[in-house]
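here is my input, please return the structure:
(one chain, ligands or ions: 1)
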Amino acid sequence: MKIVSVEPLVIDLPLENPVQTSFGEMTRRTNVLVRIETDTGEFGIGEIWNNFPSWGAYEKIATLIHGVRPLLLGEDPREIGTIHHKLFKHLTILCLQWGAIGPMHHSISGVDIALWDIIGKHYGLPIHKLLGGKLQDEVKVYASGLGPRLSDELVLKHQEMGITSFKLKVGNNADLDLQNLKRLREMMGPDGHLMIDANQAWNRQSAIHNLMKFKSFDIAWIEEPLPCDDIEGLRYIREKTGLPVAAGENIYGRKQARKALEQEALDIIQPDLSKNGGISEARIIAEMAGSFGSPYAPHYLGGAVCFAASLHFIASIPGGLILEMDANPNPFREQLFTNPFTIKDGKVNVPDLPGLGFELDQEFVDFYTIDYKQM
Ligand SMILES: [Mg+2]
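Numbers count the residues shown, from 1 in each chain. Alright, predicted model coming up:
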């Protein structure tokens, strides 16, 4: 069994209602998938992180085609550990030199998910079984992506699905943040978990100032209060505010994760499977985090493929806490599969079908596919 083809697949749509972030306004969704095929006619699908900006797709596709693909062709997907090692060994220094450590991790992540999918389908086993078995049949989800324009309708829609944990974007305007926190806590009642995410917007001083005001809303965690590379700062925030600190979507690979854990900067670690090196790297990070007593709550803001991979993964690790799900409508999460996810009582079933356990809706994919060479 040898890999004979590695092809990016880009699906794209303009958004009727742009999504506000602290980095700017997201006006389109551009999802980068990767399809890997073997000489036996088997194939797997992975997802390469590409949330915002949509033009970020260029460098990931270039990295996949020119950097990753030549190292994959001819390899046996069942030797996924060897492949993972080979990709990092050959690309890490090159990408550090080039300054593209992110696109490298993103491309390797998509490839890794696709390889786990192939192996699962080949042996007729779901990915969670390949990972050693699931510890939970259903995974609890929380709704994120709320604010800065908080929509009651969006909160209610997710409450109807039984979701009781919500995450609010903060860090734009302290008065608006306070107003949103007040409204969200009102809607949630006293019991639900309310998390906040500053998306790296504050410095140490403004973080302390704001968090001391926000604390009274019973905050379950503050996510990325500071620029992600200020590890000492994250620890300082933990100590000064007494609030649990979460981060990890912008921590790349096991070395950076180890540094954050060793410095006691994090209460919850959040590597994204489409961003930080795939299932293979997340497994190492989650186990390491477990030895520090830090649970794992994967960041996720992509399409259905990464959601499926995250479900298998979180179900199979001891420290799997809760899975993120963007509350904003996203057809690439909701309609990409012929058998989409359903959320009941705030939980999603972990699929038992082989590989990722889902089939792409080819008609849907074809409709939204764009020629990446013309991007
Ligand atoms: Mg975040």
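
tell me which element Val305 falls in.
Following DSSP states H and E, one finds Val305 within helix 304-316.

tell me which other helices or strands the helix or strand following that helix touches.
Downstream of helix 304-316, the first helix or strand assigned by DSSP H and E is strand 323-326. With contacts taken as 3 or more C-beta pairs under 8 Å, 6 or more residues apart in numbering; DSSP states H and E, strand 323-326 sits against strand 138-146, helix 304-316. For glycine as for every other residue, the C-beta is placed from the backbone atoms N, C-alpha and C.

state the number of residues packed around whichever residue of the stretch 201-350 of the chain sits closest to the ion.
Scanning the stretch 201-350 of the chain for proximity to the ion using C-beta to the ion identifies Glu223 as nearest, at 4.8 Å. Glu223 has 25 neighbouring residues, counting by other C-beta atoms under 10 Å.

for the closest residue to it other than its chain neighbours, what are its contacts?
Nearest residue to Glu223 in three dimensions, chain neighbours excluded: Asp197, at 4.0 Å (C-beta to C-beta, 6 or more residues apart in numbering). The contact partners of Asp197, taken as C-beta atoms under 8 Å, 6 or more residues apart in numbering, are 144, 167-171, 222-224.

the top helix by length along the chain to helix 304-316, inter-axis angle?
Ordering each helix of the chain by length in residues (DSSP state H) puts helix 101-123 first. Using axes from the mean of the first three to the mean of the last three C-alpha atoms, to 10 degrees, the inter-axis angle of helix 101-123 relative to helix 304-316 is 70 degrees.

now do the buried residues in the helix or strand just after helix 101-123.
Next along the chain after helix 101-123, taking DSSP H and E as the criterion, comes helix 127-130. The neighbour-count check on helix 127-130 (16 or more other C-beta atoms under 10 Å) flags 127-130 as buried.

which bits of the chain sit near the ion?
Counting by C-beta under 5 Å from the ion, the residues of the chain lying close to the ion are 197, 223.

for the ion, what's its nearest residue on the chain.
Residue nearest to the ion within the chain (C-beta to the ion): Asp197, separated by 4.3 Å.

just put the helices and strands packed on strand 323-326 in CSV and tack on mean pLDDT.
Shown next, in CSV, are those (pLDDT from 0 to 100):
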stretch, mean pLDDT
strand 138-146, 97
helix 304-316, 98
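
pick the most deeply packed of these.
helix 304-316 (a mean of 28; mean count of other C-beta atoms under 10 Å).

in the stretch 101-250 of the chain, which spans are strands?
Assigned by DSSP state E, counting those that start in this stretch, the stretch 101-250 of the chain shows strands spanning 138-146, 166-169, 194-197, 219-223, 245-247.

what sits against the closest residue to Gly278 other than its chain neighbours?
Distances taken as C-beta to C-beta, 6+ apart place Asp112 nearest to Gly278, at 2.5 Å, with adjacent residues excluded. Asp112 makes contact with 46, 80, 84, 277-281, according to C-beta under 8 Å, 6+ apart.

what about Lys89, how many residues nearby?
10.

where is the longest strand in the chain?
strand 3-21 (DSSP state E).

what angle do that strand and helix 101-123 make?
Using the same axes, to 10 degrees, strand 3-21 lies at 130 degrees relative to helix 101-123.

let me know the next secondary structure element after strand 3-21.
Where DSSP H and E defines the elements, the next helix or strand beyond strand 3-21 is strand 24-38.

tell me the strands beside that following strand, with direction?
Neighbouring strands of strand 24-38 in its sheet, by DSSP bridges, are strand 3-21 (antiparallel), strand 43-48 (antiparallel).

using CSV, list the CA coordinates for that strand.
Extracted in CSV, the C-alpha atoms of strand 24-38 (Å, rounded to 0.1, in the frame of the first residue of the first chain):
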residue,chain,number,x,y,z
GLY,A,24,-10.8,42.1,11.3
GLU,A,25,-14.0,41.2,9.4
MET,A,26,-14.2,37.7,7.9
THR,A,27,-16.1,38.0,4.6
ARG,A,28,-15.6,34.5,3.2
ARG,A,29,-14.9,31.0,4.2
THR,A,30,-12.1,29.2,2.4
ASN,A,31,-11.7,25.6,3.6
VAL,A,32,-8.6,23.7,2.6
LEU,A,33,-9.0,19.9,2.5
VAL,A,34,-6.4,17.4,1.4
ARG,A,35,-7.2,14.1,-0.4
ILE,A,36,-4.6,11.3,-0.2
GLU,A,37,-4.9,8.3,-2.4
THR,A,38,-3.1,5.0,-2.4
